[in-house]
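1. just to be clear, the model below is a prediction. Sequence and coordinates:
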Amino acid sequence: MRGDESKRLTILSRAEKTALYALPEFDDFQRIEFFAMTDAERDLAFARKGMAAQLHCLLQIGYFKAKYAFFRSSLGDAPTEDIAFLIQRYFPGQASPTQQVSDNDRYLPRKAIAALFCFRLWSDDDHAGLLAKMTRLTRTDVSSTFLLAELMVFLIGQRIVRPGYSTLQDLIASALTAERERLEQLVESALTDDSRDALQQLLVRENTLSDLAALKQDAKSFRYRQMGLERQKRLTLAPLYTIAKALLPGLDLSQLNIAYYASLANFYTIYDLRRFKSGQTNLYLLCYAWQRYRQLTDNVVEAFGYHTRQLEDDTKAVANQQAVKIHNERQQATPRVGELLLLYVDDSLTDVTPFGTVRHRAFGIMPEETLRSTGKLLTSTPVSQMDLRWQAVDKQSGLCTKNLRPLAISLNFASSSASGKIWLDALEWMKGVFASQQRLSKQPPEDIPLRTIPTRLRSFLLDFDTNGKAIGLRGDRYEFWVYRQLRKRLDMGDIYLDDSIQHRRFADDLVSMEAKADALKALDIPWLRQPVDTTLDALFIELDTQWRAFDAELRSGKLKHLEFDQDKQTLIWHRPKADKDKQIQQGFYGKLQARDIADVFRFVNERCNFLSAMKPLQPRYAKKIADEDSLMAVIIAQAMNHGNFKMAETCDIPYHVLEATHQQHLRPATLIDANDMISNFIASLPIFPYYSIDMDVLYGSVDGQKFGAASPTLKARHSRKYFGKDRGVVAFTLLANHVALQTELLGANQHESYWVFDICYNNTSDIRPTMITGDMHSINMANFALLHWFGMNLAPRFTNLQTQLKHLYRGPGKNGYGDFLIQSVGEIDRDLIVAEKTNLDHIAATLGLKEMSQSVLVRKICTLSGHHRTRKALFEYDKLIRTIYTLRYLRDPQLQRDVNRSENRIESYHQLRSTIAQVNGKKELTGRTDLEVDISNHCGRLIANVVIAYNSMLLSGLLGRYLTTGNEKAMDLLRRISPAAWQHLHFLGHYAFRDKRRPIDLESILEGVVLTP
């Protein structure tokens, strides 16, 4: 992303640049804190000659404490409040100096000031080493925000004063240029003439690439026709994938960068790709072939699993219905059969009574035909449940042949276990039979792969002669049986696919610690930073302390929120009460003048210029500027489910302009950047610190929100509980201090806990929460461990404390635990954690380098054998962290209240998102493909953040007023008002984007507004 007036790379927005490089804006408390000088600081300042130089030095020291940076400013640039404060404290009775500070007095003290705080100034000698570090990091992630964040962390860690903005721009731009040139040279030198020709064939016609690359061509369901198209795409891409598979591993690219370059091939037009250097274009196309082929493989695998499970469920349901029917028929027949039996002992019927009379009376009890069928039913051998299941399979054999056979034949399964290879041999045998246009039922029994028909199923899968000898195979049943075993072992991890993203072998996904040593050192992951014994010693000491304190406080009755029933061995929990802030919030927003969402959107953009992130994909150095009015219109249209056509009918912008703007500018990457700019802007507002639940810890919360899907896509799944007969998706969101930092689109069938680490670690905003709250869906067997490895803490809101007692463990070799009121359920295996440290390091490194997402990692770990040592070690470490947190949660009612408040905030945000999505009637996301639905979700988050930013500016305006007057009561009320409110906004109506006659004036809106409890 490049600025419009400079050839330098644009890394920071105006708000971000101001936050880093503008003079700090202190309130009264901050002036007292940062301008309180130690003796050494006073001596340094008063060693300067003249009051002006001394005063300027004091300013520099205070500002350096706040931002660890120096600023190009004179006394005249400093806020008058800061000057007045310093004169009153250090120069009482003297007037403000009028003379200018010389350049020597401005720059010479900097080295000494930095040394006071163990920092040193940036020098040209640092440039080469830092550039090399940045260049290495580009192999992990080429996004400028990631590189800047790592650069800032490194400078602070090395105690180096950060250089000017232009230096940072040049460093990151040079690193990106070096990485691009490296890749172009490697690609060009590795490609053969035949490979180049094959890649160039993608650029021959416009529809050639769009048929393969555009995600709008994704399958909309797992039906036969859609999956046929997916298989055809795999066949078309197979030659290019073979080239990419041989070439890309030698380029030392992370999976994240491969996905990024692949997305460029998807979004760029054929015309743009032809204009690039051949090395650049070929890199994009190779990454695209690599990524797209594996996505298509995953789609086919998911379809195979979906249809297999559906057939299993359907046949089981049919068999159960048939069994119930037979059982009911037997029950209904039993009383009347009893009446028939009583005829034999009826005294009114003598031995000389004609049999015809008896038959006549019997037919009166049960009609002749019913009697015949009932007799056959009761005299025949009862049908077993297994018989009914296989009979149901016979009726579904057509679906098995139609849906499952082409999917299984197209996939290249592999296995490293003996049990898995048995079923792969069976699949290969079946492929050979089908390829020769033969039927399985015609194959001789001796050709059937060994050990694929268990003894208990021989009577169901084989045909026998009168002598009990197998003479044939029941082909439809056997085919279904093999597919069922393949799906089962695929879920277990015994079978895998090399050319896949989700279904590769677990060990193949882990990175080499030696090959990635430099990159890992740069990431500075806490788990990898210190010896395992040091980490575990501290944790087990904390665990023992929490256990003993909890038992002592529970016995003494100090825990007023808990009661322990010793007879029933149960814990009674008095939950924290909910905050009663809604009335205050409604009272405040009810006094405000209502404004249109378009006016609010424009007002927020004027303050933080977030629309500047909406860059169209185009050749490098192009300077096309987006139309802000059209951008506002298409974002609102997507967020509120209007669509461009309906928006054109209700606004002052024509449809063709909206459609062109949508196609050129709306992408997940640009929308994420725009959201980050708003988030960082909100963080710079004076009210933001007042949102903090705990001044020492920044709380974040994660949760999923259900949305219906306007059109069927692969990710949209059925869920009767949430969508009835329709389909839907889940918008999984990370929130901190009311600001939506990140969102991820999940299927309704996916467990939210698999994405907790991903959404936190991939947060690209400057707001970095370290305490992550969530509901019970945020918990699995690994999340406590994974977040702790990376310096974060999972803090779920428990709904039942009695249930959590089943997850309390003790450390090894601890005495005295047997007398505790509440007993641990087991002992944590410390030795196993220590022994598996190397393998755990591989997992942490893989996650840190973004070579594998947590969602894939956790699913694969769960499929490993229960005896797998690395799996057990990870779960043991998770038990350790979870037990420490649970004991703290049990002991500390304030922690419970804080977690509860954090969760309430994301619920309030969900109400705002729901209101935005339902403007057009239904709570759903628009889009015909998963990509378009994802864009709709990001647009909804953008509008929500715009609303939160606007409300935060209103609250900041009131905060400034009350800070001036020192009204502590009013400031306390401000803390209790959520910015996730919309009653003072108009979301619906005729949108006037080009009519700017009603600008927003915060002062006039807040005039006369007084907070009252």
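-> It's in. Residues are numbered from 1 along each chain as shown.
2. gap between the two ends of stretch 90-107?
-> 22 Å (Cα to Cα, to the nearest Å).
3. could you pull up the residues touching Q502?
-> Q502 is in contact with 298, 301, 856, 859, counting by Cβ atoms under 8 Å, 6 or more residues apart in numbering. Where you see a C-beta, it was placed from the backbone N, CA and C, and this is true even at glycine.
4. turn these into CSV, including pLDDT.
-> Shown next, in CSV, are the contacts of Q502 (pLDDT from 0 to 100):
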residue, pLDDT
D298, 91
V301, 94
V856, 84
R859, 78
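5. narrow the residues you listed to those in strands?
-> Secondary structure from DSSP state E places none of the contacts of Q502 in strands.
6. from those residues, which ones fall inside helices?
-> 298, 301, 856, 859 (DSSP state H).
7. most neighbours of all those residues, which one?
-> Scoring the ones in helices among the contacts of Q502 on neighbours with other Cβ atoms under 10 Å, the highest-scoring entry is V301 at 20 neighbours.
8. from the chain's centre, how far out does stretch 976-989 sit?
-> 27 Å (Cα atoms, centre = their mean, to the nearest Å).
9. stretch 914-933 now?
-> The answer for stretch 914-933 is 19 Å, by Cα atoms, centre = their mean.
10. what does stretch 592-609 give?
-> 29 Å.
11. return the set of buried residues in it.
-> 592, 595-605, 608-609 (16 or more other Cβ atoms under 10 Å).
12. and the contacts of it?
-> So stretch 592-609 is contacted by 13-15, 610-611, 628, 632, 635-636, 677-678, 680-681, 943, 946-947, 949-950, 953-954, 984-987, 989, 991-993, 996, 998-1000, 1005-1006, 1009 (Cβ under 8 Å, 6+ apart).
13. out of these, which end up buried?
-> Neighbour counting over the contacts of stretch 592-609 (16+ other Cβ under 10 Å) leaves 13, 15, 610-611, 628, 632, 635-636, 677-678, 680-681, 943, 946-947, 949-950, 953-954, 984-985, 987, 991-993, 1000, 1005-1006, 1009 as the buried ones.
14. the stretch 501-650 of the chain: helices as residue ranges?
-> Here the stretch 501-650 of the chain has its helices, by DSSP state H, counting those that start in this stretch, at 506-509, 517-523, 526-529, 532-556, 582-589, 597-608, 628-639, 643-650.
15. and those, which is most packed in?
-> helix 628-639 (a mean of 25; mean count of other Cβ atoms under 10 Å).
16. show me what it is packed up against.
-> helix 597-608, helix 643-650, helix 655-665, helix 930-965 (3 or more Cβ pairs under 8 Å, 6 or more residues apart in numbering; DSSP states H and E).
17. list just the nearest of the ones in helices among the contacts of Q502 to H807.
-> The closest of these to H807 turns out to be R859 (Cβ to Cβ; 21.4 Å).
18. give the closest residue to that closest one in space, chain neighbours not counted.
-> Leaving aside its sequence neighbours, R859 sits nearest to Y754 (Cβ to Cβ, 6 or more residues apart in numbering; 6.5 Å).
19. quick one: contacts for the one you found?
-> 780, 854-855, 858-859.
20. then D841?
-> Going by Cβ under 8 Å, 6+ apart, D841 touches 513, 527-528.
21. got it, and V697?
-> 770-771.
22. do you know how far it is from F784?
-> Applying Cβ to Cβ, to the nearest Å, the value for V697 to F784 is 17 Å.
23. which residues touch the secondary structure element (helix or strand) that L86 belongs to?
-> Per DSSP states H and E, L86 falls inside helix 80-90. With contact meaning Cβ under 8 Å, 6+ apart, helix 80-90 is reached by 26, 31, 35, 37, 42, 45, 54-55, 58-59, 62, 75, 94, 96.
24. which residue of the chain sits farthest from its center?
-> V352 (87.1 Å; Cα atoms, centre = their mean).
25. now do the phi/psi pair for that residue.
-> Torsion angles at V352 (phi, psi; degrees, to the nearest 10) stand at phi -100, psi 0.
26. change the start of the numbering to 296 and stick with it
-> Will do, 296 is the new start, and the previous item becomes V647.
27. next one: it from V653, what distance?
-> 12 Å.
28. ok, now F845?
-> Here the criterion is Cβ to Cβ. By it, F845 lies 81 Å from V653.
29. ok, back up a step: is the residue nearest to R1154 part of a helix or strand, or is it coil?
-> Here Y1049 is recorded as helix under DSSP: H, G, I helix; E, B strand; the rest coil.
30. where's it relative to A1077, distance?
-> Counting by Cβ to Cβ - Y1049 and A1077 are separated by 9 Å.
31. now the helices: where do they sit in the stretch 296-445 of the chain?
-> 309-316, 323-329, 334-341, 346-362, 375-385, 398-402, 404-411, 420-432, 439-452.
32. buried residues of the fourth one, list them for me.
-> This points to helix 346-362. Neighbour-count burial for helix 346-362 flags 346-360, 362 (criterion: 16+ other Cβ under 10 Å).
33. how far off helix 375-385 does that helix point, in degrees?
-> 110 degrees (axes from the mean of the first three to the mean of the last three Cα atoms, to 10 degrees).
34. relative to helix 404-411, how tilted is helix 346-362?
-> 40 degrees.
35. not counting helix 346-362 itself, show me its contacts.
-> With Cβ under 8 Å, 6+ apart as the criterion, helix 346-362 contacts 315, 318-319, 321, 325-326, 329-330, 332, 336, 339-341, 343, 364-366, 369-370, 373, 377-378, 381-382, 385-386, 389, 392, 394-397, 400-401, 404-405, 408-409, 411-412.
36. buried subset of these as a ChimeraX selection?
-> Buried residues within the contacts of helix 346-362, by 16+ other Cβ under 10 Å, are selected in ChimeraX with:
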select :315,318,319,321,326,329,330,332,336,339,340,343,364,365,370,373,377,378,381,382,385,392,396,400,401,404,405,408,409,411
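37. where does M681 land in three-state SS?
-> Under three-state DSSP, the three-state class of M681 is helix.
38. contacting residues around the nearest residue to it once chain neighbours are set aside?
-> Distances taken as Cβ to Cβ, 6+ apart put F755 closest to M681, at 6.7 Å, once the chain neighbours are dropped. F755 makes contact with 681-682, 685, 769, 772, according to Cβ under 8 Å, 6+ apart.
39. between these, which sits nearest R1223?
-> Of the contacts of F755, the one sitting nearest to R1223 (Cβ to Cβ) turns out to be R772, at 39.4 Å.
40. OK, contacts around that closest one?
-> R772 neighbours (Cβ under 8 Å, 6+ apart): 685, 688-689, 692, 755-756.
41. tell me which helix or strand comes right after the helix or strand where it lies.
-> Taking DSSP H and E as the criterion, R772 maps to helix 770-787. Counting by DSSP H and E, the next helix or strand C-terminal to helix 770-787 is strand 790-791.
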